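Enquirer: model this:
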Amino acid sequence: MRIVFMGTPDFAAASLERLIDEGANVVGVFTQPDKPKDRGLKLTASPVKEIAMKAGIPVFQPEKMRDGTAVEMLKSLNPDLVAVVAYGRILPDDILAVPPKGTINIHGSLLPKYRGAAPIQWAVLNGDTLTGVSSMYLASELDSGDVIYTAETEIGEFETSGQLFERLRELGAELLIKTVRDIEKGCAPREPQDASSASFAPPLSKEMSPIDWHKTPREIIKHICGMSPWPVATAELEGLSFKIFGAEYTSNKTATPVGTVVSADCKKGIEVACGNGETLLITRLQAPGSKTMAATDYLRGHPMNL
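Expert: Next up, the predicted model:
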């Protein structure tokens with residue numbers, strides 16, 4: 001079976017690597033154009049391109065998907081199946097129609113929940129305890145195609161989006177192999193999504209970074225975890241703006257106004273008043289112009305006079 005793979009970042013690279021390792025007949029790879037990176041703005045290949053080039057697989061990087069160029073590139077490869085993982089481009093209907101066995105996608109949620117660009121982050125932000133990956137047939141509407149398989153995993157209470165991303169990346173690669181094998185055998189199922197149960201996961205933004213101290217400790221901790229590694233939760237404490245990378249629960253109660261530093265202990269961390277008269281303990285942060293460190297280390301050099 002001739003397979004064309006479409007993907008760009010690390011999340012996709014794991015799936016391409018697994019296809020290659022399993023001996024799949026990957027006849028071409030589509031990835032986004034090289035982009036300038038770092039201070040020198042040197043054009044840098046995507047992780048998917050690097051893997052494809054190392055394996056000797058032809059690489060295609062169309063600038064546009066709707067001007068006819070990309071579909072002609074795809075037709076020249078005569079694919080039976082197209083596998084898409086985090087390509088970063090919406091595929092028009094003429095491209096979806098090329099492979100006779102369909103165009104499939106690996107998505108980082110249990111569809112129809114969290115359709116869209118940031119399903120992993122929103123699962124953490126919303127305090128979900130269970131998530132997973134789905135394989136599906138692509139359709140015209142965003143992430144609305146028939147589901148083939150799903151794989152579930154629990155979300156750790158203090159697991160960040162970045163940590164969950166790494167786990168789902170590997171789970172997605174496993175699911176892609178299972179899906180491709182069964183499509184080739186002709187035994188892959190397909191289940192239409194219940195559109196009435198769909199939810200959406202728009203991209204995150206820096207405007208979302210500030211912590212709302214009126215929320216409960218769990219909501220705030222999930223905000224901190226969900227915003228890591230980008231765009232990172234922020235908070236103003238004692239007149240300074242900090243990036244917040246870690247926090248823990250306490251059993252303490254306080255009548256102090258929300259957002260107020262209740263205590264600053266160089267052996268524990270920075271305790272802050274939250275909603276419902278509860279508190280949480282900030283354990284990891286970054287001060288302006290400084291590096292990320294434990295809150296206890298920061299307090300040893302910068303005691304807070306409460």
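
Enquirer: so Tyr114 sits right up against Leu168, yeah?
Expert: No - in this structure Tyr114 lies outside contact range of Leu168 using CB atoms under 8 Å: 11.6 Å. For glycine as for every other residue, the C-beta is placed from the backbone atoms N, C-alpha and C.

Enquirer: following the helix or strand hosting Ser135, which helix or strand comes up?
Expert: Assigned by DSSP states H and E, Ser135 falls within strand 130-137. Sequence order places strand 147-154 as the next helix or strand after strand 130-137, per DSSP H and E.

Enquirer: what's the angle between the following helix or strand past that following strand and strand 130-137?
Expert: Per DSSP H and E, the first helix or strand lying C-terminal to strand 147-154 is helix 161-185. Computed with axes from the mean of the first three to the mean of the last three CA atoms, to 10 degrees, the direction of helix 161-185 lies at 40 degrees from that of strand 130-137.

Enquirer: what residues does the residue most central in space within the chain make contact with?
Expert: With distances taken as CA atoms, centre = their mean, the residue of the chain nearest its centroid is Ile120 (4.5 Å). Counting by CB atoms under 8 Å, 6 or more residues apart in numbering, Ile120 touches 108-109, 131, 161, 164-165, 168.

Enquirer: cool, Arg169 as well?
Expert: 10-11, 14-15.

Enquirer: give me the buried entries from these.
Expert: Buried by 16 or more other CB atoms under 10 Å: 11, 14-15, out of those.

Enquirer: Asn276 should be in a helix, yeah?
Expert: Yes - looking at Asn276 with DSSP: H, G, I helix; E, B strand; the rest coil, it is inside a helix.

Enquirer: isn't it right up against Thr216?
Expert: Yes - Asn276 is in contact with Thr216 according to CB under 8 Å; the separation is 5.8 Å.

Enquirer: who's more crowded, the two?
Expert: Between Asn276 and Thr216, counted using other CB atoms under 10 Å, the more crowded position is Thr216 (14 against 10).

Enquirer: got a list of what the more buried one touches?
Expert: 274-276, 278 are the contacts of Thr216 under CB under 8 Å, 6+ apart.

Enquirer: next one: Ser228
Expert: Counting by CB under 8 Å, 6+ apart, Ser228 has contacts 160-162, 245.

Enquirer: give the residues shared as contacts by Tyr114 and Leu168.
Expert: Joint contacts of Tyr114 and Leu168 (CB under 8 Å, 6+ apart) are Gly108.

Enquirer: circling back: now neighbour count, distance to Val59 and pLDDT too, for the contacts of Ser228, in a markdown table please.
Expert: As requested, those are arranged in a markdown table below (neighbours: other CB atoms under 10 Å; distance: CB to CB, whole Å; pLDDT from 0 to 100):
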| residue | neighbour count | distance to Val59 | pLDDT |
| --- | --- | --- | --- |
| Thr160 | 20 | 32 | 98 |
| Ser161 | 22 | 29 | 98 |
| Gly162 | 14 | 27 | 98 |
| Phe245 | 22 | 36 | 98 |
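
Enquirer: farthest-apart pair in those, please.
Expert: Ser161 and Phe245 (12.0 Å; CB to CB).

Enquirer: nearest to Ala97 among the contacts of Thr216?
Expert: Nearest to Ala97 among the contacts of Thr216 is Gly275, at 51.6 Å by CB to CB.

Enquirer: all strands for the stretch 1-150 of the chain, in order.
Expert: Taking DSSP state E, counting those that start in this stretch to define them, one finds strands in the stretch 1-150 of the chain at 2-7, 25-30, 35-37, 42-44, 59-60, 81-85, 103-107, 130-137, 147-154.

Enquirer: out of the ones you listed, flag the one nearest Lys291.
Expert: strand 35-37 (21.7 Å).

Enquirer: list of residues touching the closest one?
Expert: Residues contacting strand 35-37 (CB under 8 Å, 6+ apart): 42-44, 46.

Enquirer: neighbour count and distance to Lys178 added to the residues you listed, as TSV?
Expert: Below are the contacts of strand 35-37 laid out as TSV (neighbours: other CB atoms under 10 Å; distance: CB to CB, whole Å):
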residue	neighbour count	distance to Lys178
Lys42	10	38
Leu43	10	36
Thr44	13	32
Ser46	24	25
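
Enquirer: need the contacts of Ile120 in CSV with distance to Ser76, can you?
Expert: Listed next are these as CSV, based on distance: CB to CB, whole Å:
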residue, distance to Ser76
Gly108, 31
Ser109, 33
Thr131, 38
Ser161, 38
Leu164, 38
Phe165, 34
Leu168, 33
